[in-house]
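Q: all I have is the shape, not the residue letters:
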């Protein structure tokens, strides 16, 4: 900023900036549910002064929900928990889970595009009881489609939240490929995370010595 010619440079905590942006007076609860964290701040506004009373947060956010839905509804279409035959003998085993967890985690997707993992997947394709699953996974790796899948899961989550059911559209991987996501499944699978976020909001109020009715305004940021 100084190199650009600004003489006065000040930084303001994001919750305080949000409280100032909405204006008004009274007690304001700032809710910032982001990709990987959920944060709550209670501010008190009087005139043009803003005082932060308490802040709380947890490392849980939207991408954590997306990962859970991806593992439950999308990754099985790519070989997650599928059976792979042994190279020698008649036995079989389950595909390693760790790479699928990485592929379903926004911040780790870029790390699955290794030549070694692709070679492993092509070997699993030859040995699998359902080779189509691993052929799809190989396509995802070769074309670097991990983030496209993540976007599709997020879109399906949003759609299912407002309807009885929605489809996670995976045509970018294979023409016509879809994964159904019902609202009932969405609510059941994400209930634990949603409750943890609600508990954090309650803890913020408790630390401020307040009840929900003591809040004059709720501001959603993030």
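A: Ah, there it is. Small disclaimer: the values here were computed from a predicted structure and weren't measured. Residues are numbered from 1 along each chain as shown.
Q: give the contact list for residue 152.
A: Counting by CB atoms under 8 Å, 6 or more residues apart in numbering, residue 152 makes contact with 74, 168-170, 172. Yep, even glycine has a C-beta here, placed from its N, CA and C like the rest.
Q: cool, residue 13 as well?
A: Residues counted as contacts of residue 13 (CB under 8 Å, 6+ apart) are residue 52.
Q: re earlier: export the contacts of residue 152 as JSON lines, with columns for pLDDT.
A: JSON lines is the format used below for the contacts of residue 152 (pLDDT from 0 to 100):
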{"residue": "74", "pLDDT": "98"}
{"residue": "168", "pLDDT": "98"}
{"residue": "169", "pLDDT": "98"}
{"residue": "170", "pLDDT": "98"}
{"residue": "172", "pLDDT": "97"}
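Q: quick one: which of the residues you listed has the most company?
A: Of the contacts of residue 152, residue 74 is surrounded by the most neighbours, 26 neighbours in total, counting by other CB atoms under 10 Å.
Q: need the contact list for the closest residue to that one other than its chain neighbours.
A: Counting by CB to CB, 6 or more residues apart in numbering, residue 74 lies nearest to residue 179, which is 5.3 Å off, once chain neighbours are set aside. With contacts defined as CB under 8 Å, 6+ apart, the neighbours of residue 179 are 73-74, 77, 156, 167-168, 170.
Q: part of a strand, is residue 51?
A: Yes. When DSSP: H, G, I helix; E, B strand; the rest coil is applied, residue 51 is found to be in a strand.
Q: what residues does the helix or strand where residue 189 lies touch?
A: Taking DSSP states H and E as the criterion, the element that holds residue 189 is helix 183-207. Contacts to helix 183-207, defined as CB under 8 Å, 6+ apart, come from residues 29, 31, 33, 38, 40-42, 54-58, 60, 64-65, 68-69, 72-73, 157, 160-161, 163-165, 211-212, 214-215.
Q: show me these that map onto helices.
A: Among those, the subset assigned to helices under DSSP state H consists of 64-65, 68-69, 157, 160-161.
Q: quick one: the helix holding residue 189 to chain centroid distance?
A: Taking the mean C-alpha point of helix 183-207 and that of its whole chain, the gap between them comes to 14 Å (CA atoms, centre = their mean, to the nearest Å).
Q: and what of stretch 40-56?
A: Counting by CA atoms, centre = their mean, stretch 40-56 is centred 28 Å from the centre of its parent chain.
Q: can you pull the buried residues of it?
A: Using 16 or more other CB atoms under 10 Å as the test for burial, stretch 40-56 gives 40-45, 50, 54-56.
Q: quick check, pLDDT for residue 164.
A: Among the per-residue scores, residue 164 shows a pLDDT of 96.
Q: so who does it touch?
A: 182-183.
Q: just to revisit the earlier point, any idea which helix or strand comes after the helix holding residue 189?
A: Remark: after helix 183-207, the chain's next helix or strand is strand 217-221, criterion DSSP H and E.
Q: neighbouring contacts of that next one?
A: Residues outside strand 217-221 that contact it (CB under 8 Å, 6+ apart) are 14-15, 18-19, 22, 24, 26-33.
Q: in the chain, which residue is closest to the centre?
A: residue 63 (0.9 Å; CA atoms, centre = their mean).
Q: what about the protein, any weak spots by pLDDT?
A: The model of the chain has pLDDT under 70 over residues 222.
Q: residue at max distance from the center of it?
A: Ranked by distance from the centre of the chain (CA atoms, centre = their mean), the top residue is residue 89, with 40.7 Å.
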